[in-house]
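[1] Okay, here's the prediction I keep looking at, along with the sequence it came from:
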Amino acid sequence: MALIAVNYAPHSSQCYIRLPFDELANELVRLNDCMNTTVYDRQGNELLSGGMYLDMPAWSYHVFEITVPAKTIAEGINTITAPDKKVVQKSEKVNGTVPISGL
């Protein structure tokens with residue numbers, strides 16, 4: 001699964017995005033931002049009900065690979081996370097800001 005978010009505005013913008021992937025219910029979900037070194041771990045139920053909060057600077061974008069690590073391991077699917085990736089917890093800030101604070 002993947003999600004691409006783009007802010008085409010010349011100013012910062014915020015929104016909530018409800019993910020349409022029912023298989024995320026009751027699962028820990030990993031969102032790997034393929035455009036930088038950040039990985040977000042979130043609860044699937046939160047992503048499905050309230051949505052994912054995005055607070056994006058002008059002209060910015062994210063390309064997320066969405067996985068469920070427990071299912072990936074159980075199904076024997078090999079995924080490789082680059083060693084320079086940083087896993088961000090919900091309350092943690094990245095570079096002094098919380099770019100996706102409600103994930």
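    It's in.

[2] The protein: helices as residue ranges?
    Listed in chain order, the helices of the chain (DSSP state H) span 44-49, 69-74.

[3] Out of these, which gets the lowest mean score?
    Least confident of the helices of the chain, judged by mean pLDDT, is helix 69-74 with a mean of 65.

[4] Distance-wise, check Asp55 relative to Thr67.
    Counting by CB to CB, to the nearest Å, the separation of Asp55 from Thr67 is 23 Å. Heads up, the C-betas are built off the backbone N, CA and C, glycines and all.

[5] actually Tyr16, sorry about that
    On the measure of CB to CB, Tyr16 and Thr67 end up 21 Å apart.

[6] same question, Gly50
    Distance of Gly50 to Thr67, computed by CB to CB: 20 Å.

[7] More neighbours: those two, which one.
    Thr67 (20 against 11; other CB atoms under 10 Å).
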